[in-house]
Each structure stands twice: as structure tokens, then as C-alpha cells.
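Peer 1: Any chance you can model this:
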Amino acid sequence: MRHPLVRSGAALVAATALLLPTTSAVAEPAGERTPTSAQQRADKPSRPPALPRHIDGGAWPTSHVQGAAIDEREGVVYWSFTQMLVKTDLDGNVLGTVTGLTGHLGDLDFNEKDGRVYGSLEYKAEEAFYIAIFDGDKVDRVGMDAETDGVMTTVYLPEVVEDFTADMDGDGTFDGDTANTADHRYGSSGIDGVAFGPAADQGKGKAKGKQVLRVAYGIYAHKDRIDNDNQVLLEYDVSGWRRYERPLAQDAPHRSGPREVRNKYFVFTGNTTYGVQNLEYDEASGNWFLAVYEGTKPSYPNYSLFVVDGDRPPYEAVVRGQAEPELGDHLTLLPEGQYDPASSTFGWTFDASYGLVSVGNGYFYGASGGPVTEDGVRKQTGALDLYRWTGETPTPFERVG
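Peer 2: Predicted coordinates:
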């Protein structure tokens with residue numbers, strides 16, 4: 001089902017020339033603006049949180065680390081290793097694992113409202129995309145099974161499926177999981193980034209607004225189309241999701257999920273490789289952080305980190321590059337960092353594609369990982385290191401300690 005906030009029709013044909021968002025938020029280079037509250041906070045560093053400077057997530061016979069979430073009250077970390085969820089304490093001691101996933105487990109976030117961990121989960125061949133919800137309290141031993149041990153439920157996302165499977169060239173054939181096609185609405189390759197934070201349509205975007213889950217599309221890298229130059233963020237109210245939750249049977253994926261999204265937003269960044277890998281809301285600044293794999297289009301600066309300005313309300317604009325003209329709600333990049341006047345985009349150079357976790361007062365954990373071989377077995381490591389946001393250009397984080 002197409003989201004009702006994405007509007008289309010012949011009456012918009014004259015607007016199709018407006019392919020770049022036009023808003024006063026990007027009207028002038030960053031250097032000519034008055035310092036923002038985020039910049040002022042960076043000039044007066046707060047005391048680091050009472051958390052370790054480094055947390056080791058271990059080494060696992062999986063694909064690379066894809067995200068992390070922290071339950072500070074319980075002192076535990078949840079790690080996504082794409083086919084496995086790992087639970088450790090803050091010293092890196094393993095408390096439990098959830099295995100048996102055959103799909104792609106992506107970014108994670110901890111929901112303080114219900115004490116559970118939410119993550120993106122993809123089954124592209126089955127045309128099934130889910131939010132996986134883990135009951136972290138039940139993850140109490142190594143080797144728990146995602147299907148049979150009662151620790152994970154899933155909610156199906158029809159909106160994602162519809163955009164991923166869209167036959168955009170009208171040839172009657174969906175071309176499947178490939179970037180080299182005109183199919184996939186908005187260039188959608190599925191989902192990756194997830195984060196909880198305030199709804200964008202309720203004022204200033206600070207923590208007092210209604211809390212929602214944002215889910216970011218993966219976006220295929222494709223140099224010969226322009227409809228994949230936005231990031232796409234879906235917004236869900238998860239307060240009533242228990243009626244949709246089902247255990248996952250991977251040989252028979254269910255289709256239980258909300259037919260509608262609360263909001264659907266577009267963020268013009270230029271094309272990136274697989275969209276938002278990690279999405280994070282930072283309560284201290286009220287902004288949303290989008291960590292990506294750099295894009296490949298030579299017409300863009302191809303930054304690796306974008307920040308959505310939480311103080312600016314959504315604005316309506318033409319959705320870039322659609323054959324049938326559409327109006328959609330857009331969000332604005334924070335007008336700081338590096339500025340590219342040709343595309344009117346702002347961004348930074350910092351690799352947070354493996355994980356980014358805000359822990360308050362301008363401090364974040366950034367994830368890293370890489371391959372190792374232990375006893376002849378190829379594995380992937382994961383680790384979190386503490387950083388302080390400085391807002392400096394081109395790299396806006398400095399490592400603590």
C-alpha cells in the first residue's frame with residue numbers, strides 16, 4: 001500500500017523540474033551561519049558518561065558486526081552480527097547468543113518503554129522484511145535458537161515489501177535482488193537502520209514528543225538513475241504492535257504487520273551504497289544521525305555521515321526522479337559540517353556504518369570490526385569505542401581516552 005502522505009498525480013507534472021529540495025535550511029554554506037546549539041555544546045565538553053571507553057564484542061563465525069544497542073540500566077550490550085544476536089556485559093563477557101537466523105539482521109536499538117531490543121531483519125528472496133524484537137531478559141545462554149527458544153518475535157512491514165518489489169519499468173517482471181535494474185521504488189534494497197526517537201511532526205523534535213520507531217531503507221547504488229538519491233525513513237508507532245508480533249518460521253515467513261505507516265519521510269543526501277546502515281537519535285542535540293557506506297556517483301561529495309536537523313519540521317516537496325510525479329514529506333539536513341554547493345548537501349567524514357550508539361551529553365559509541373582466524377575458523381570481530389561529538393569538519397567525533 002502506498003503511504004497516503006506520498007501524493008502523486010498529473011497535476012504535479014509541472015513540478016518535476018524541482019528535483020532538488022529547496023528550503024531555507026540549505027540556503028547558505030555552513031561557514032556563514034551563526035553557531036548552533038550543537039556547536040556551542042561541542043565547545044563546552046561535558047563529563048563523559050560512567051561507561052567504559054572500550055567494549056569488546058568478541059569474534060564470531062558470522063558476517064561483520066552490523067549494529068549495537070545498550071541497556072544502560074542493566075549494563076548490557078546487544079550486538080548484531082547479521083546472522084546472530086550477541087549479548088554481553090559492559091566488560092565484554094558473553095551472557096548469551098541467539099543463533100539460527102538465515103536472513104540479514106541489521107541495525108539494533110533498545111526500546112526503553114518495553115525493555116526490548118528491536119532490529120531490522122531481511123529475507124529478500126522471500127520478499128519478506130521484518131522488525132525483529134528480542135526479549136533481552138530471556139537471552140541467558142549461548143546458542144539459543146531464534147525460532148524455538150521464545151526469545152524473538154517479528155513484525156512484517158508491508159510498506160517495505162511494496163517498494164522493494166515495485167515493477168518500475170512496467171515490463172511485468174520484478175527483477176529481484178539486484179541494483180542493475182530500473183525496478184525497486186526509490187531504489188529500495190530493503191531496510192537497515194532503526195532507531196527510537198520523537199516524531200518529526202510534533203514540534204521541535206526533542207525527547208518530549210511522541211516516541212516512534214524510524215526504519216531506514218537500504219538503497220541500491222546505481223549511477224544511472226536519480227530516483228535513488230533520497231534516504232527513505234518510515235515512522236511507526238509501536239505501542240500497539242503486540243497484536244502483530246509472531247514467532248518467525250523461516251521456511252514459511254508470516255505476513256502479520258501494520259498496513260499503514262505513521263509517516264514516510266525523504267532526506268536528500270545523494271545516492272549512497274545500501275542506504276542508512278545505522279540510524280541513531282541523539283537526545284542531547286535532538287538530531288538524527290545517518291551512517292552510510294559512501295556513494296559512488298561523481299556528482300555528489302559522497303559523505304559517510306549525515307545528520308537530520310531535529311529542530312526543523314518536515315516540508316513538502318517533489319520526490320526526486322519519479323516517473324509519475326509525487327509530493328512527499330521531506331526532512332532537512334543539519335546545516336553544519338562539509339557543504340557541497342552543487343548539490344546543497346551537508347555531511348561529514350566518519351565511518352559509523354558498523355554501529356553508532358548515543359549515550360548522552362554528546363557522547364557516542366562507534367563500532368568497528370574485522371576478520372580474524374581462530375583455530376582455523378574464519379570469524380568477525382566487533383568492538384565499541386567511546387567518542388565525543390565535536391562537530392569539527394571534516395571529522396566530527398574525537399575518541400575518548
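
Peer 1: Tell me the buried residues in the host helix or strand of D385?
Peer 2: Element membership of D385, judged by DSSP states H and E, is strand 377-389. Within strand 377-389, the residues that count as buried by 16 or more other C-beta atoms under 10 Å are 379-389. Any C-beta I mention is one placed from the backbone N, CA and C, and that applies to glycine too.

Peer 1: Next: stretch 231-241.
Peer 2: Buried residues in stretch 231-241, counted by 16+ other C-beta under 10 Å: 231-236, 238, 241.

Peer 1: out of those residues, which are inside strands?
Peer 2: 231-236 (DSSP state E).

Peer 1: Between those residues, which sits nearest E159?
Peer 2: For those, the residue nearest E159 by C-beta to C-beta is L234; the value is 6.0 Å.

Peer 1: about what we covered before: among the ones in strands among the buried residues of stretch 231-241, list the two that are farthest apart in space.
Peer 2: Q231 and Y236, at 16.5 Å, using C-beta to C-beta across these.

Peer 1: sorry, back to before: let's have the ones in strands among the buried residues of stretch 231-241 in a markdown table, adding pLDDT and distance to E126.
Peer 2: Converted to a markdown table, these look like this (pLDDT from 0 to 100; distance: C-beta to C-beta, whole Å):
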| residue | pLDDT | distance to E126 |
| --- | --- | --- |
| Q231 | 98 | 25 |
| V232 | 98 | 21 |
| L233 | 98 | 24 |
| L234 | 98 | 20 |
| E235 | 98 | 25 |
| Y236 | 98 | 21 |
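
Peer 1: Serialize the residues you listed to CSV and add fields for distance to S120.
Peer 2: Below are those laid out as CSV (distance: C-beta to C-beta, whole Å):
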residue, distance to S120
Q231, 14
V232, 13
L233, 12
L234, 11
E235, 14
Y236, 12
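
Peer 1: T154 and A249, how far apart?
Peer 2: To A249, T154 is 10 Å away according to C-beta to C-beta, to the nearest Å.

Peer 1: Between these two, which is the more surrounded one?
Peer 2: The neighbour comparison of T154 against A249 (other C-beta atoms under 10 Å) goes to T154, with 26 against 11.

Peer 1: How many neighbouring residues does the closest residue to Y236 other than its chain neighbours have?
Peer 2: Distances taken as C-beta to C-beta, 6 or more residues apart in numbering put L213 closest to Y236, at 4.7 Å, once the chain neighbours are dropped. Neighbour count for L213, taken as other C-beta under 10 Å: 21.

Peer 1: beta partners of L213?
Peer 2: Counting by DSSP bridges, L213 forms beta bridges with F196, Y236.

Peer 1: Then V377?
Peer 2: E374.

Peer 1: Can you add distance to S256 and give the buried residues of stretch 231-241 back as CSV?
Peer 2: Output for these, formatted as CSV (distance: C-beta to C-beta, whole Å):
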residue, distance to S256
Q231, 27
V232, 23
L233, 23
L234, 17
E235, 20
Y236, 14
V238, 14
W241, 10
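
Peer 1: Please identify which helix or strand holds I131.
Peer 2: Short version, using DSSP H and E: I131 is in strand 128-134.

Peer 1: Now the element after the helix or strand bottoming out on mean pLDDT in the chain, going C-ward?
Peer 2: When each helix and strand of the chain is scored by mean pLDDT, DSSP states H and E, helix 37-43 comes last, with a mean of 45. Counting by DSSP H and E, the element after helix 37-43 in chain order, helix or strand, is strand 54-60.

Peer 1: which strands and helices sit next to that following strand?
Peer 2: Packing partners of strand 54-60 (3 or more C-beta pairs under 8 Å, 6 or more residues apart in numbering; DSSP states H and E): strand 76-80, strand 85-89, strand 377-389.

Peer 1: circling back: tell me the gap between the strand holding D385 and the middle of its chain.
Peer 2: For strand 377-389, the gap between its own C-alpha mean and the chain's C-alpha mean amounts to 18 Å (C-alpha atoms, centre = their mean, to the nearest Å).

Peer 1: so that strand versus strand 54-60, what angle?
Peer 2: Put simply, strand 377-389 runs at 160 degrees to strand 54-60, going by axes from the mean of the first three to the mean of the last three C-alpha atoms, to 10 degrees.

Peer 1: per-residue confidence for A182?
Peer 2: pLDDT for A182: 87.

Peer 1: That one contacts R225, correct?
Peer 2: Yes: A182 is in contact with R225 according to C-beta atoms under 8 Å; the separation is 6.8 Å.

Peer 1: Next up, the contacts around the residue nearest the centre of the chain.
Peer 2: By C-alpha atoms, centre = their mean, the mean C-alpha position of the chain lies nearest to G193, the distance being 1.9 Å. Taking C-beta atoms under 8 Å, 6 or more residues apart in numbering, we find G193 in contact with 106-107, 120, 214-216, 275-279, 290-291.

Peer 1: Rounded mean pLDDT for the strand holding D385, please.
Peer 2: For strand 377-389, the mean confidence score works out to 97.

Peer 1: go on, stretch 307-327?
Peer 2: 93.

Peer 1: List the buried residues in it.
Peer 2: For stretch 307-327, a neighbour-count test (16+ other C-beta under 10 Å) marks 307-312, 314, 317-322, 325-327 as buried.

Peer 1: Mind checking which of the residues you listed land in helices?
Peer 2: Of the positions in these, not one sits in helices, assigned by DSSP state H.
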